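Asks: sequence unknown, structure follows:
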């Protein structure tokens, strides 16, 4: 390989961003003491594709059965579903907590780009760590919102599928979230 090729590879490597570090277990536990920290930890684990860790730390245990509300296999299959795998991380990492009701055990998560504006159940685990009580229906909801987003992009592109440049402005499924806190 000539000098130009080596220089190109060096510049290519320099332009790529360093991978996001995975939070340590102690960092996650510290953040999960606050319900808003729950969303932050969950999103970081989704970005770094740490689905098993997200399931272990961020998803609730049923108080009656002492089992996770959603099984590990069902969660990982939903997160890696081929239909939505390219866009589901964008949906989940774009969620914003617009309201947190600790006493009622609810967190309003919104992402108008995908048409998400809904209350999700949150629970305290061992009276100190917040978790999402996502159900299979919640995972189906996220999948359906991701598919609606894909359909919206295809519709806006004249019913053609495209590969968009990184700075492309995608069309929102909703003009603003349902709680109208942000647009």
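Replies: Great, that's in hand. These figures come from a predicted structure and were not determined experimentally.
Asks: The closest residue in space to residue 31 that isn't next to it in sequence sits in which helix or strand?
Replies: Excluding the flanking residues, the one nearest residue 31 by C-beta to C-beta, 6 or more residues apart in numbering is residue 37, at 3.4 Å. Every residue, glycine included, has its C-beta placed from N, CA and C. Taking DSSP states H and E as the criterion, residue 37 maps to helix 35-47.
Asks: now that helix: how far from the chain's centre is it?
Replies: Relative to the chain's own centre, helix 35-47 is displaced by 8 Å; criterion: C-alpha atoms, centre = their mean, to the nearest Å.
Asks: Now do the SS call for residue 130.
Replies: When classified by DSSP: H, G, I helix; E, B strand; the rest coil, residue 130 comes out as strand.
Asks: So which elements touch the helix holding residue 37?
Replies: Here helix 35-47 touches helix 25-31, helix 51-58, helix 88-93, strand 96-101, strand 106-111, strand 129-132, going by 3 or more C-beta pairs under 8 Å, 6 or more residues apart in numbering; DSSP states H and E.
Asks: Out of the ones you listed, which gets nearest to residue 123?
Replies: strand 129-132 (5.5 Å; C-beta to C-beta).
Asks: Which neighbouring elements make contact with the closest one?
Replies: Using 3+ C-beta pairs under 8 Å, 6+ apart as the contact test, the elements touching strand 129-132 are helix 35-47, helix 51-58, strand 116-125.
Asks: what comes up buried for that strand?
Replies: Neighbour-count burial for strand 129-132, counted by 16 or more other C-beta atoms under 10 Å, picks out 129-132.
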